[in-house]
Every structure is written in structure tokens, then in C-alpha cells.
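Chemist: build me a model from this:
(2 chains)
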Amino acid sequence: MLSSIDQTGRGARNAVIMGCGRIGASVAVALVERGYAVRVLDVDSAAFDLLPPGTVEAGQIVPVVGDGTLESDLKSASVQDADVFVAVAGKDSFNALAAQLAKHVLQVPAVICRINDPARNEMYRTLGVVTVSATKLVSDLVLQATAD
Amino acid sequence: MYAVIVGAGRIGGSLARWLVAAGHEVAVIDWDTARCGALEDQLGSISVVGDGTEESILGKAGANRADVFIATTDRDDQNLMACQIAKHRFGAARTISLVNIPDHDPLFSLLGIDQTINITELIVDRIEEHLGGMMFEELDSAG
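Modeler: Residues are numbered from 1 along each chain as shown, chains lettered A, B, ... in the order given. Now for the predicted structure:
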């Protein structure tokens, strides 16, 4: 998914990630490696412990305490200036609300949303939200592995 | 009319009582068994225990034949998702959502929720109405 985000523009592009769990922290590092300036939003400041300290000290990843389902908190993380917004919190409903705020209200060009439940995932895809699902990825891999 | 309500709290519960009294058929979804039980003591078996953002639960509540689908929880993320599933997966004729955080109101409308009830704005407006006279009086005396 991340390899499809092309870095064509000059200067650092901006990404905001909502949810600093294992997935959010990994995505943050992957985007830094692709030259992005990354801000990570989480309601719990302890979650930022998962970020590699070097990247935070170097200012490559900026942690922001806030609730990604609130437009005001998204704005304080400058989501309106982001090229990419990634919603990877633990709850589908949080991610869906945050992603749709980023896409439709704050007009972020590329929005990616984690929706684990397969039925919800299918619905949000038909509504034009780019979704990723750990559940689907795992089940696809199992199917692949058992296909032969 | 068939109404499916998500949330058996104060607002969802009152709405259910009012709709049943008016002769309508109602289903109420709430994950809290105690709240569902209390409602059933008054209204009979109208509740579905579960997550109102879960497709299987909405199916159990008959969202596919709902004339109106009303999300009344105190969580906007859940209200939005419940209404979107009701509308896009079950074809509910009309979706109404409580909006707790006023900023969310335009998004919900943009996303096709048929009607939003901006609860915070309603209460603030009502208080302003009551205080209106008093505020003007103070302005006058200050001026």
C-alpha cells in the first residue's frame, strides 16, 4: 500500500497518522524512510513509546496528543496541510470517522483507513474510502498458503 | 412504521416508548443487557443485545425493512457507522443521527445521513432563548 504513494513533489511531503499502535508506529517509520515529514496523533501519550526515539529526537516523527475523531484535534496536527492521512487506530468506527473527516472536510488528497471487519471494509470501499484490513490480509495469506 | 433505534439510553429509550405508544413497531439495539432488560419490562420483547455498528446485529433487528433508522448513542463515531451500514448495506429508507459534537454535523450531512440532530446546539440554543431577555437587560444596564 505504501509503495503506491509516490513521492513526486519537491521538498518533504507531509503525512499524518492517527493511532500510534504497532501498525501506526511501523507506518510512521516506513514513511520517514520515504522522505515524509510525519506527525503521529494518539489520545494516549504513552503510545508514543513505540516510536523509535531517534526519529522523534531528529524531528522526523512529531508526536501529537489528540483525538483523531475531532476536527479540532486533526487541525492541530495540521491534517489540512497533509498529503497523506492514515487512520490505523484500534477501532473501526474511530478510523472511519477520522478518515472521512480528513477526506471530505479537510480535503487530504490520499486517505487510507484501517477497517478490520470484512463487511464494513467492503462498504467503505464502495463509498470511496481506501481501506486496509488485517483480517483480510491474514485470511488471504492463509488461503494462498493452503491453495497448493 | 417500522423504526430501528440504536442506543437504549435516555434518548433512545424515550424515543422507543413514544413510538410504541403511537402504535409503531420498534426494535432497539444496545450492547448493555441491563438497559435492554429495563426497556423490555416496559415494552415487551423489542430489544436486540449487541453492537449497533455490527452488520449481523443490524440484520437481526430487521434494518432491511426499517422505514426509519435512528442512531442515538453518545458516540458520534458509532452513530455515523451505524447509519452508514443501515443505509448502504440494508437500504434503510431514512437515517437519522444524533450528533454530539457540533463540528461533526456538516460531515454527517455530506455523507448522506438524512437528518442530523445536533444535540449540543439544541441545548445551547434553548438556554440562550431563556437567557435572551436577561442578557439584553444586562447589556442595557451596562450601556
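Chemist: what residues are up against the residue nearest the centre of chain B?
Modeler: Closest residue to the average C-alpha location of chain B: residue B:72 at 2.5 Å, with C-alpha atoms, centre = their mean. By C-beta atoms under 8 Å, 6 or more residues apart in numbering or on different chains, the contact list for residue B:72 reads B:5-7, B:9, B:11-12, B:15, B:79, B:98. (Each C-beta comes from the backbone N, C-alpha and C, glycine too.)
Chemist: quick check: phi and psi on it?
Modeler: In terms of degrees, to the nearest 10, the main-chain angles of residue B:72 are phi -130, psi 20.
Chemist: can you give me the distance of it to chain A?
Modeler: Going from residue B:72 to chain A by C-beta to the nearest C-beta, to the nearest Å gives 15 Å.
Chemist: okay, that residue: pLDDT?
Modeler: In this prediction, residue B:72 carries a pLDDT score of 97.
Chemist: if I look at residue A:15, how far off is residue B:11?
Modeler: When distance is defined by C-beta to C-beta, to the nearest Å, residue A:15 is 39 Å away from residue B:11.
Chemist: that older thread, return the member of the contacts of residue B:72 nearest to chain A.
Modeler: When those are ranked by distance to chain A (C-beta to the nearest C-beta), residue B:79 comes first, at 9.0 Å.
Chemist: farthest-separated two in the contacts of residue B:72?
Modeler: The largest distance within the contacts of residue B:72, taken as C-beta to C-beta, falls between B:15 and B:79 and amounts to 13.5 Å.
Chemist: who has more neighbours, those two?
Modeler: When residue B:15 is set against residue B:79 and neighbours are counted by other C-beta atoms under 10 Å in any protein chain shown, the residue ahead is residue B:79, at 31 against 21.
Chemist: in the host helix or strand of residue B:34, what counts as buried?
Modeler: Element membership for residue B:34 (DSSP states H and E) is helix B:33-43. In terms of neighbour count (16 or more other C-beta atoms under 10 Å in any protein chain shown), helix B:33-43 has its buried residues at B:35-36, B:39, B:43.
Chemist: which ones are touching the residue nearest the centre of chain A?
Modeler: A centroid search over chain A (C-alpha atoms, centre = their mean) returns residue A:86, at 1.9 Å, as the residue closest to the centre. Shown here is residue A:86, whose contacts under the criterion C-beta under 8 Å, 6+ apart are A:15-18, A:24, A:27, A:111-113.
Chemist: rerun that using 6 Å as the cut-off
Modeler: The contact partners of residue A:86, by C-beta atoms under 6 Å, 6 or more residues apart in numbering or on different chains, come to A:17, A:27, A:112.
Chemist: tell me which stretches of the chain form helices.
Modeler: You didn't pick a chain, so chain A it is. In chain A, helices defined by DSSP state H lie at A:22-33, A:53-57, A:71-76, A:92-100, A:118-126, A:134-147, listed in chain order.
Chemist: please go with chain B instead
Modeler: Assigned by DSSP H, chain B shows helices spanning B:10-21, B:33-43, B:55-60, B:76-88, B:105-110, B:119-142.
Chemist: gap between residue B:95 and residue A:25?
Modeler: To residue A:25, residue B:95 is 36 Å away according to C-beta to C-beta.
Chemist: what residues does chain B have near chain A?
Modeler: Applying C-beta under 6 Å from any C-beta of the partner chain, one finds that chain B approaches chain A through B:53, B:55, B:77-78, B:80-81, B:88-89, B:103, B:107, B:110.
Chemist: mind giving me the ChimeraX select for the contacts of residue B:72, buried ones only?
Modeler: Provided next is the ChimeraX selection string for whichever of the contacts of residue B:72 are buried by 16+ other C-beta under 10 Å:
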select /B:5,6,7,11,12,15,79,98
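Chemist: low-confidence stretches in chain A?
Modeler: Counting by pLDDT under 70, the ranges of chain A that qualify are A:1-11, A:148.
Chemist: switch to 50 and redo it
Modeler: Counting by pLDDT under 50, chain A has low-confidence residues at A:7-9.
Chemist: for chain B, what are the nearby residues on it?
Modeler: Contacts of chain A with chain B, taken as C-beta under 6 Å from any C-beta, map to A:69, A:71, A:93-94, A:96-97, A:101, A:104-105, A:119, A:123.
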